[in-house]
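> predicted model follows, preceded by the sequence.
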Amino acid sequence: MPGFQVNRIKNRLASDERGGMKAHLLFDRAWQWLTHPQHRAPRHRLVLFVTVVLAIVISVFALIPVTLPPGAPGSDKLHHLVAFGALSLPCAVLFPRALIVVLPGAVLLGGMIELIQPSVGRHRELADFVADIVGAA
């Protein structure tokens, strides 16, 4: 099934009249780099780097004072779920063995954020922590 999705994306890029062939070749080259065994170590470093950067971004956004009005779109729990899902997604897709470290790390990060939030003027909620765990898993 994943091959079908890749071919569908390739065909969509190739059908683009403005440089579609260039986009198709770029996609092919990127896909080969991500999936070729020779590039496993750089790919793993890239995935871990992206995961660390996402963890930093999530921490910053979770610990800055809230400036949005109370009627902002989306649920707070949904934001937690999506953020922690995005945190574990790169490893789940490209480096599943790293999930042994990333999932407990994500749970620890979610717990630490919830413990620190009252000191920066935000509220601590068990439901946010549960949303973090569900998102990471």
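That came in fine, so what should we check first? Treat the numbers as computed from the prediction; the structure is a model and nothing was measured. Numbering: from 1, shown residues only.

> domain parsing of this structure, as residue ranges.
Taking automatic domain parsing as the reference, the chain has its domains at 1-35, 40-136.

> burial count for Val57?
13 (other C-beta atoms under 10 Å). Where C-beta positions appear, they are placed from N, C-alpha and C, glycine not excepted.

> what about it, distance to Leu63?
Distance, Val57 to Leu63, by C-beta to C-beta, to the nearest Å: 11 Å.

> how many neighbouring residues does Ala92 have?
So Ala92, with other C-beta under 10 Å, has 17 neighbours.

> what's the pLDDT at it?
pLDDT recorded at Ala92 is 83.

> need the contact list for Gly135.
80-85, 87-88 (C-beta atoms under 8 Å, 6 or more residues apart in numbering).

> mind redoing it with 7 Å?
By C-beta atoms under 7 Å, 6 or more residues apart in numbering, the contact list for Gly135 reads 80-85.

> next: Asp128.
Applying C-beta under 7 Å, 6+ apart, the residues near Asp128 are 76-77, 80, 114.

> could you redo the last one with a cut-off of 6 Å?
Applying C-beta atoms under 6 Å, 6 or more residues apart in numbering, we find Asp128 in contact with 80, 114.

> one more: the one 3 residues further on?
Ala131 makes contact with 77, 80-81 under the criterion C-beta under 6 Å, 6+ apart.

> buried ones in stretch 112-132?
When burial is assessed from 16 or more other C-beta atoms under 10 Å, stretch 112-132 yields the following buried residues: 113-114, 117, 122, 128-129, 131-132.

> now do stretch 76-84
In stretch 76-84, counting by 16+ other C-beta under 10 Å, buried: 77, 79-81, 83-84.

> any chance of those residues in TSV with distance to Pro96 as columns?
Below are the buried residues of stretch 76-84 laid out as TSV (distance: C-beta to C-beta, whole Å):
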residue	distance to Pro96
Lys77	26
His79	26
His80	23
Leu81	21
Ala83	20
Phe84	17
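
> all helices of this protein, in order?
2-14, 20-35, 40-63, 76-94, 99-116, 126-136 (DSSP state H).

> least reliable of the ones you listed going by mean pLDDT?
Among these, helix 2-14 scores lowest, at a mean of 55.
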